[in-house]
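Q: kindly return the folded structure for what I paste below:
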Amino acid sequence: MQARDRRLHAIAAARDLGDVRLLARVITAFDVPTLWTSREYGSYDREIIDAAEDALHRLPDGADELRVRLLTSLAIELEGDFDDRGVTAADEAVALARALDRPALLAVALNGRYINGYRSAGDRALRRRLARELLDLATEHDLGAYRVLAHLQLQQTAVSELDLAAATAHLADGSRLADQYGLPLLAQIASWYDGLVHVLAARFDEAERAYVKVSENIGRTGIWSSEDGIVGFGAFCLRLVRGRPGELLDRAAWLSRRWSHVAATADIHALALADVGRVAEARAAVAAAGPIRPDYFFDLATAVRAHRAITLDQRDVAEDAYTALLPYEDHFTGGCTTFATIGPVAQVLGDLAVFLGRPAADAAAHYRPRRPHRRCPRRAALVPPRPRGRGGAGKPRRLTDGRSAAEVGGQAAAFAGGCGGVAPPHSDSPDRRPERSGGRRAGGRLCGGCGGAPPTVIRLTDGRSDRSRVVRVDGARRRWGTI
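A: Okay, the predicted model is just below:
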């Protein structure tokens, strides 16, 4: 019998006895320091949620410690829900724990608030503050398990900020302490980061092998249930950035069956189907796809949905994705997951702006490099080939100034990435060859940032005509223009 099944049986027995304190202790006995979802991803145990709410309502005055723990249990059960009850429960738990001045209790409550800290783009700073407070608290009061957790939380926030040196250091500290305190699952979940390091360096085969290795290690614990789905999603992202999602059609179909309640799996399946020409089936696969959960997958899953919208020529879906991703413009997709990415959010926004027929200046503003970022790794080939719409008559979409999406996409490639970035290969436009003057070359690929000066001029020649377009970068302002 699985632990959650035992918990449900115990809760039912406690409710039958009518002892609310016993019920509260049964509910909270399951909780341990947790970095990610501690249940089947995308699902909810209604019995546990209802029992927690019932116990909170009936708990007598003076049972403040049980109330903090119950509120935290409820918050963890509701993380990622579209309703804000998880957030309010976590906030109430933190406030009460602070008032009680109980360090161990505050550590529990901070965990519940952190895991509910993915509701908006601005929550990245909140998560960093919570993790730093937890580390200081756990270090001062010798709370070993929470020292491990805090280091791994700080690893997550460092990854989302592309501070890979700090992420690696926190992972090392967290893993060492996890071994010391006998917490293997926490360290193993955090080791998904090994795959992301390979992805960011465009070592895609090594990344997939790393995913499989971590999945096997976690699977042997018998504790988690989502490792196969993580491997499938990660492998799909690797194929998507190389323009070959159809290679994983069978796995994508399995994901959509196994996690049919998770909307993102329908988008994955649709993109794989469309890539092999089965467009009608792709449309059917997403006909009933629901909204994307507001959790650590949000920006990555929404970016995948944006690709689906462009590929299937779904303007309303594209508009929704554009609106949802705008606050994340200076993020890179998947930063909160610490295991997978399909490149900068700004690139996806630029692609959506082109698809939606917005003014060329809008797309250019997204494609323009974000602030310089000393910590950015070389991210060659991370930007997926521009999605090719299959729902129209096959003609290239054109901007208001007459340029096609492919033309702007080629120009933008030199600026892919939130910090100047690395240009991807033009696998979707083999007849287009970039020529350049200025800047420097990184690993055989164009680099407009990451420590190097941005290209002063990039000339892109359309192989189907004698026309050339030049993107000028005017010093630090990096103005765009065409001649």
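Q: so how far is stretch 91-104 from its chain's centroid?
A: Centre-to-centre, stretch 91-104 and its host chain are 30 Å apart (C-alpha atoms, centre = their mean, to the nearest Å).
Q: give me the contacts around that stretch.
A: Outside stretch 91-104, the residues that touch it by C-beta atoms under 8 Å, 6 or more residues apart in numbering are 64-65, 67-69, 71-72, 75, 105-106, 108-110, 112-113, 137, 140-141, 143. Bear in mind the C-beta positions are built from the backbone N, C-alpha and C, glycine included.
Q: can you rerun that using 7 Å?
A: For stretch 91-104, the surrounding residues in contact (C-beta atoms under 7 Å, 6 or more residues apart in numbering) are 64, 67-68, 71-72, 75, 105-106, 109-110, 112-113, 137, 141, 143.
Q: show me which of those is closest to Tyr181.
A: Leu143 (10.1 Å; C-beta to C-beta).
Q: how about that closest one: what's its closest non-neighbour residue?
A: Excluding the flanking residues, the one nearest Leu143 by C-beta to C-beta, 6 or more residues apart in numbering is Ala107, at 5.3 Å.
Q: next secondary structure after the host helix or strand of the one you found?
A: Element membership for Ala107, per DSSP states H and E: helix 103-115. Counting by DSSP H and E, the next helix or strand C-terminal to helix 103-115 is helix 123-140.
Q: so which other helices or strands are in contact with the helix or strand following that following helix?
A: Once the chain leaves helix 123-140, the next helix or strand it forms, by DSSP H and E, is helix 144-160. If you count contacts as 3 or more C-beta pairs under 7 Å, 6 or more residues apart in numbering; DSSP states H and E, helix 144-160 packs onto helix 103-115, helix 123-140, helix 164-181, helix 184-190, helix 193-200.
Q: please, a PyMOL command that selects the buried ones among the contacts of stretch 91-104?
A: Buried subset of the contacts of stretch 91-104, written as a PyMOL selection, criterion 16 or more other C-beta atoms under 10 Å:
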select buried, resi 67+68+71+72+75+105+106+109+110+112+113+137+143
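Q: then stretch 270-281 to CSV, C-alphas only?
A: In CSV, the C-alpha atoms belonging to stretch 270-281 read as follows (Å, rounded to 0.1, in the frame of the first residue of the first chain):
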residue,chain,number,x,y,z
ALA,A,270,-0.3,18.0,-30.9
LEU,A,271,3.1,19.4,-31.8
ALA,A,272,4.5,15.9,-32.4
LEU,A,273,1.5,15.0,-34.6
ALA,A,274,1.7,18.2,-36.6
ASP,A,275,5.4,17.6,-37.2
VAL,A,276,4.7,14.4,-39.0
GLY,A,277,1.9,16.0,-41.1
ARG,A,278,-1.1,14.7,-39.1
VAL,A,279,-2.6,18.2,-38.6
ALA,A,280,-6.2,17.2,-38.2
GLU,A,281,-5.3,14.8,-35.5
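Q: still on that earlier bit, please identify the most buried of the helices and strands packed on helix 144-160.
A: Mean neighbour counts were compared across the helices and strands packed on helix 144-160 using mean count of other C-beta atoms under 10 Å; the top stretch is helix 103-115, at a mean of 24.
Q: circling back: comparing the helices and strands packed on helix 144-160, which yields the minimum mean pLDDT?
A: Lowest mean pLDDT within the helices and strands packed on helix 144-160: helix 184-190, at a mean of 74.
Q: surely the residue nearest to Leu143 and Tyr146 touch.
A: Yes. Counting by C-beta atoms under 7 Å, Ala107 does reach Tyr146; the two are 4.3 Å apart.
Q: gap between the residue of the chain positioned farthest from its centre and Arg25?
A: Centroid-distance maximum for the chain: Leu17 at 43.1 Å, with C-alpha atoms, centre = their mean. As for Leu17, its distance to Arg25 is 12 Å (criterion: C-beta to C-beta, to the nearest Å).
Q: dihedrals phi and psi, the residue farthest from the centre of the chain?
A: phi -80, psi -20 (degrees, to the nearest 10).
Q: dump the residue contacts of the nearest residue to Asp275 once chain neighbours are set aside.
A: Distances taken as C-beta to C-beta, 6+ apart place Gly246 nearest to Asp275, at 3.3 Å, with adjacent residues excluded. Gly246 makes contacts with Ala272, Asp275, Val276, as judged by C-beta under 7 Å, 6+ apart.
Q: among the helices and strands packed on helix 144-160, which comes closest to Arg358?
A: Using C-beta to C-beta, the nearest of these to Arg358 is helix 123-140, at 26.5 Å.
Q: what does that closest one contact?
A: Outside of helix 123-140, the residues within contact range by C-beta under 7 Å, 6+ apart are 103, 106-107, 110, 113-114, 117, 146-147, 149-151, 153-154, 157, 160.
Q: show me which of those residues is closest to Arg209.
A: Ser160 (24.0 Å).
Q: separation between the closest one and Ala125?
A: Ser160 is 10 Å from Ala125, by C-beta to C-beta.
Q: same question for Gly195.
A: For Gly195, the distance to Ala125 - C-beta to C-beta - is 26 Å.
Q: and Leu143, by the same measure?
A: Remark: distance between Leu143 and Ala125 (C-beta to C-beta) = 24 Å.
Q: let me know the pLDDT of Ala52.
A: 95.
Q: in this structure Asp173 contacts His151, no?
A: Yes. Between Asp173 and His151 there is a contact at 4.7 Å, judged by C-beta under 7 Å.
Q: which SS class is the spatially most central residue of the chain?
A: For the chain, Gly334 is the residue whose C-alpha lies nearest the centre (C-alpha atoms, centre = their mean; 2.7 Å). Three-state call for Gly334 (DSSP: H, G, I helix; E, B strand; the rest coil): coil.
Q: my guess is Val354 contacts Ala363, does it?
A: Yes. Here Val354 reaches Ala363: they are 4.9 Å apart, a contact under C-beta under 7 Å.
Q: residue ranges with poor pLDDT in the protein?
A: Residue ranges of the chain with pLDDT under 70: 1, 220-225, 369-483.
Q: one more time with 50, if that's ok
A: 1, 372-381, 390-483 (pLDDT under 50).
Q: how is the protein divided into domains?
A: Per automatic domain parsing, the domain ranges recorded for the chain read 3-183, 191-342, 367-483.
Q: got those as TSV, with distance to Arg358 columns?
A: Listed next are those as TSV, based on distance: least, C-beta to C-beta, whole Å:
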stretch	distance to Arg358
domain 3-183	21
domain 191-342	9
domain 367-483	8
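Q: looking at those, which is buried most?
A: Using mean count of other C-beta under 10 Å, domain 191-342 ranks as the most buried of the domains of the chain, with a mean of 21.
Q: ok, and what's touching stretch 106-118?
A: Residues outside stretch 106-118 that contact it (C-beta under 7 Å, 6+ apart) are 33-34, 68-69, 72, 75-76, 79, 86-87, 90-91, 93-94, 97-98, 123, 126-127, 130-131, 133-134, 137-138, 143, 146, 149, 153, 294-296, 298, 336.
Q: using CSV, write down the CA coordinates of it.
A: What follows is stretch 106-118, C-alpha atoms only, in CSV (Å, rounded to 0.1, in the frame of the first residue of the first chain):
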residue,chain,number,x,y,z
LEU,A,106,8.4,28.6,11.1
ALA,A,107,10.6,26.3,8.9
VAL,A,108,7.6,24.1,8.2
ALA,A,109,5.5,27.1,7.3
LEU,A,110,8.2,28.7,5.0
ASN,A,111,8.3,25.4,3.1
GLY,A,112,4.5,25.6,2.4
ARG,A,113,4.8,29.3,1.3
TYR,A,114,7.8,28.6,-1.0
ILE,A,115,6.0,25.8,-2.9
ASN,A,116,3.1,28.1,-3.5
GLY,A,117,5.5,30.8,-4.8
TYR,A,118,5.0,30.3,-8.6
